[in-house]
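Asker: Show me the folded form of this:
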Amino acid sequence: MILISIIFYIVGLFILYLVIYSAVKDGIDKSEVGQLLRMKYGEHKKVTPVSDEEIEKELEEQFKNDEN
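Answerer: Numbering: from 1, shown residues only. The predicted structure is shown next:
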């Protein structure tokens, strides 16, 4: 019985989180300040993830170029 109430509590908190998150995001997007910031700085681009291997390869190439 206690486990079920804990699960309902967690699910309820998660739903509350989603409602607050969407309300705040929508409120900021539609506010005058949000629109001014978007006009001034533009849309925020997502950062593409880079693997460790790609970083290591690029650093090795730079090191080889620096030696020559």
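Asker: I'd like the mean pLDDT over the helix or strand that contains Leu18, please.
Answerer: Leu18 is part of helix 2-30, with elements assigned from DSSP states H and E. Helix 2-30 shows a mean pLDDT of 92.
Asker: Distance check, Val19 against Thr48.
Answerer: 30 Å (CB to CB, to the nearest Å). Every C-beta, even on glycine, is put in place using the N, C-alpha and C of the backbone.
Asker: Run through who's touching the strand or helix carrying Gly34.
Answerer: In this structure, Gly34 sits in helix 32-41 according to DSSP H and E. Helix 32-41 is touched from outside by Ile28, with contacts defined as CB atoms under 8 Å, 6 or more residues apart in numbering.
Asker: immediately after it, which helix or strand?
Answerer: Moving toward the C-terminus from helix 32-41, the next element (DSSP H and E) is helix 52-67.
Asker: and the most centrally placed residue in the chain, what is it in contact with?
Answerer: Geometric centre of the chain, nearest residue: Lys46, 7.8 Å, by CA atoms, centre = their mean. Applying CB under 8 Å, 6+ apart to Lys46 gives no contacts.
Asker: do you know how far it is from Leu37?
Answerer: Separation of Lys46 from Leu37 (CB to CB): 17 Å.
Asker: again, but for Phe14
Answerer: 29 Å.
Asker: Looking at the two, which is more packed in?
Answerer: Remark: of Phe14 and Leu37, Leu37 carries more neighbours, 13 against 10, as counted by other CB atoms under 10 Å.
Asker: Got the phi and psi for Gly50?
Answerer: Small correction: residue 50 is Val, not Gly. When read as degrees, to the nearest 10, the backbone of Val50 gives phi -120, psi 130.
Asker: With Ser51 instead?
Answerer: phi -80, psi 160.
Asker: So for it, what's the pLDDT?
Answerer: You'll see Ser51 listed with a pLDDT of 88.
Asker: State the distance from it to Phe63.
Answerer: Separation of Ser51 from Phe63 (CB to CB): 19 Å.
Asker: Same check on Asp52?
Answerer: Per CB to CB, Asp52 is found 16 Å from Phe63.
Asker: go on, Glu53?
Answerer: From Glu53 to Phe63 the distance is 16 Å (CB to CB).
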